[in-house]
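Student: Dropping the sequence and predicted coords here.
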Amino acid sequence: PEPDWPAFAAVFGDHIPKHASAALPELTAAELRATLQGMRGASAPGADGWWVRELANLEDPHLEELAHLLRQVELSGKWPQLLTGLITLVPKDDFDGTDVMRLRPITVASAVYRLWARCRCRHLQPWVEQWAPAGMYGGRPGHSGDAVDQACPPP
């Protein structure tokens with residue numbers, strides 16, 4: 001079922017920071033291409049079978065069509081199933097073939113999803129910095145998860 005935002009807000013609304021909505025620009029072929037140039041081309045493909053290097057080799061009209069598809073996904077809030085994550089179980093070193101607790105789940109996201117997420121994370125970064133408290137770490141410039149060790153030394 002879809003999340004019920006009004007029910008969630010009724011219970012937790014007092015704990016949600018009040019801030020301006022994020023304004024996101026439309027994705028373009030040029031932005032997708034620039035983002036693809038910064039991604040590792042050898043990353044495993046997802047369920048859709050696309051490799052980053054294959055996306056990077058698309059001509060601009062095809063990247064523009066991909067940008068259009070991603071706009072439709074954003075407007076509808078629904079991802080085509082092939083572009084969602086593929087969950088697989090990787091056995092730990094001591095897996096004996098019977099104990100499912102010795103399996104480690106990992107998700108392999110499609111290259112298209114990773115491309116979209118990288119673009120949107122870059123767009124959202126200035127907005128996050130407007131409201132994120134100084135003590136919030138992870139995924140922020142100067143506030144990486146590794147920086148927690150420096151900010152919170154042991155007693």
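Tutor: Good, I have the coordinates.
Student: where along this structure do the helices fall?
Tutor: Counting by DSSP state H, the chain forms helices over residues 5-12, 29-37, 52-56, 60-76, 111-131, 147-151, given from the N-terminal end onward.
Student: wait, which of those is closest to D94?
Tutor: For D94, the closest of the helices of the chain is helix 147-151, at 29.1 Å, according to CB to CB. In this view, the C-beta of every residue, glycine as well, is placed from N, C-alpha and C.
Student: What lies in contact with the closest one?
Tutor: The contact list for helix 147-151, computed with CB atoms under 8 Å, 6 or more residues apart in numbering, reads 135, 137.
Student: ok, 10 Å please
Tutor: With contact meaning CB atoms under 10 Å, 6 or more residues apart in numbering, helix 147-151 is reached by 134-135, 137-138, 140-141, 143-144.
Student: Look at the residue with the largest distance to the centre of the chain and report its pLDDT.
Tutor: Going by CA atoms, centre = their mean, the residue of the chain most distant from its centre is P155, 34.9 Å out. In this model, P155 is scored at 71, pLDDT.
Student: Nearest residue to G139 in space, please, no chain neighbours.
Tutor: The spatially closest residue to G139, leaving aside those adjacent along the chain, is C121, at 7.5 Å (CB to CB, 6 or more residues apart in numbering).
Student: That neighbour: neighbouring residues, count only.
Tutor: Residue neighbour count, defined by other CB atoms under 10 Å, stands at 11 for C121.
Student: Nice, that's everything, thank you.
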